[in-house]
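K.L.:
Dropping the sequence and predicted coords here.
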Amino acid sequence: MVFGHQREQGRRVLLRAIERNGRIPRIDLSNITGISRATVTTITADLLRDGLIAEVPREDSTDARRGRPRVDLKLAGDAHLVAGIKVSGASISLILVNFEGIELTALEVPLPKGPAGTDALADSIAQATQALAAQVGKSLSDLSGVGVGLAGIVDAQNGTVYWSPSLTDRNVNFRDVLSLRMGVPAFLDNDANLVAMAEKTFGLGRDHSDFIVVTIESGVGMGIVLNNQIYRGTRGCGAEFGHTKVQLAGALCRCGQRGCLEAYVADYALLREAASVGSIDVTQPASGQVKQLLAAAKAGEPTARTIVERAGHMFALGLANLVNVFDPELIILAGEQMQFDHLYAEEVLAEMRKSIVQIDKSPPEVVIHKWGNAMWAQGAAAYALDFVYEMASKDVREDVG
């Protein structure tokens, strides 16, 4: 007999093993988890009955002794639906995945420019998620969870947004607001953390236990993976790279403080300075203005060149500080500004290398990952799936002896 607490733990371990391996026979589950074959048989029977896993024929052979086809186990894709959402300055990017993490559909909807009130943003997210589900003939109530990535200072554990450029309000339990508005469990985190999760799950960080993702868009974010886990700090709001100080009493940051790294390298910081460059067309979208500013700098326009060179200098200083504090295996630069090369030009990286502690070993590798908002949403979906796997492992029926 498998007792209740043992069964719940076994469900958790076996679900995770099946999720990690994709397709796997029962005997291999026993070998890699250390759970006895008899217990694996009992618990996987529960999972099959609950519709969480499915049997699929092995592609290689049949059991020659008994003439029966050999089968593998895999997650049942239709067991749960999960949405991943990335909220940016001008849009909401959404992706819908099944229990296996396979993308079913995606959607991007515009947002009004500027921060919104708590209820207004929650309504926008709920409406966009409903439209996403409708694309596959489903509704909000068919979802098992929604992962949301939001820029700013976010405590993932208690669901509180202390500050975000997307919200006019501070210190809001936005997770609970969203869950109540949608009628579906919402799971909230800083968007850069979810990029790190995406990189760890299916990106450039898959083969690394320790790495850092720096995101540069309308702001500057960072996700840290240490020993294969996202690091969030004791208050849940660590890794605020964009708000580390690089200049005493320096430029004004949108967080309200001065001298933050973000206030020199983010889109809004560059464009604030670009207003003094006469060749910039301020009626263009932000990306177009940044492109014009960089083109002016390359053409030798003195003010534009000063703005861009200062941004590169501040960014090199910030990266050097990261290396000196964390000494990671890998640094991944991601985000909208990766379409431009001014922050990862060789002279910027060379300046970073000069500013780190010099030892007889190579500095961390710095790589560029040019991906769009859909990949951020995939990280949010992976984050929500973790919680859905956990909830599914606890769903133990009382009638099982």
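P.N.:
Arrived safely, thanks for sending.

K.L.:
Just give the nearest non-adjacent residue to A316, would you?
P.N.:
Of all residues not flanking A316 in the chain, E351 sits nearest, at 3.8 Å (C-beta to C-beta, 6 or more residues apart in numbering). No exception for glycine: its C-beta is placed from N, CA and C like everyone else's.

K.L.:
Could you count how many residues lie near that neighbour?
P.N.:
Residues lying near E351 (other C-beta atoms under 10 Å) number 17.

K.L.:
and it, what does it touch?
P.N.:
312-313, 316-317, 320 (C-beta atoms under 8 Å, 6 or more residues apart in numbering).

K.L.:
Show me which of the residues you listed are buried.
P.N.:
312-313, 316-317, 320 (16 or more other C-beta atoms under 10 Å).

K.L.:
phi, psi of the residue nearest to A316?
P.N.:
The phi/psi pair for E351 (degrees, to the nearest 10) reads phi -70, psi -40.

K.L.:
How about K370?
P.N.:
Backbone torsions for K370, taken as degrees, to the nearest 10, come to phi -90, psi 100.

K.L.:
same thing with the one 5 residues further on?
P.N.:
Backbone dihedrals for M375, given as degrees, to the nearest 10, come out at phi -70, psi -30.

K.L.:
Please report how far it lies from A381.
P.N.:
10 Å (C-beta to C-beta, to the nearest Å).

K.L.:
For these two, indicate the residue with more neighbours.
P.N.:
Just comparing M375 and A381: by other C-beta under 10 Å the higher neighbour count belongs to A381, 29 against 21.

K.L.:
Disregarding residues adjacent in the polypeptide, which is nearest to the more buried one?
P.N.:
Excluding its sequence neighbours, the residue lying closest to A381 (C-beta to C-beta, 6+ apart) is G84, at 2.8 Å.

K.L.:
so who does the one you found touch?
P.N.:
With C-beta under 8 Å, 6+ apart, G84 has these contacts: 94-97, 146-147, 149, 194, 377-384.

K.L.:
ranking those by neighbours, who comes first?
P.N.:
Most crowded among the contacts of G84, counting by other C-beta under 10 Å, is L194 at 35 neighbours.

K.L.:
That one: helix or strand, and which one exactly?
P.N.:
Applying DSSP states H and E as the criterion places L194 in helix 191-202.

K.L.:
Return the distance of that helix from the chain's centre.
P.N.:
4 Å (C-alpha atoms, centre = their mean, to the nearest Å).

K.L.:
List of residues touching that helix?
P.N.:
By C-beta under 8 Å, 6+ apart, helix 191-202 touches 84, 86-87, 101, 147, 149-151, 156, 205-206, 211-215, 221-225, 228, 230, 232, 239, 332, 334, 369, 375-376, 378-380, 382-383.

K.L.:
average pLDDT across it?
P.N.:
Helix 191-202 shows a mean pLDDT of 87.

K.L.:
pLDDT value on the residue nearest to A316, please?
P.N.:
pLDDT, E351: 91.

K.L.:
ok, so what distance separates the residue lying closest to N171 once chain neighbours are set aside from T215?
P.N.:
Spatially, and ignoring its direct neighbours in sequence, N171 is nearest to Y162 (5.7 Å; C-beta to C-beta, 6+ apart). Distance, Y162 to T215, by C-beta to C-beta: 19 Å.
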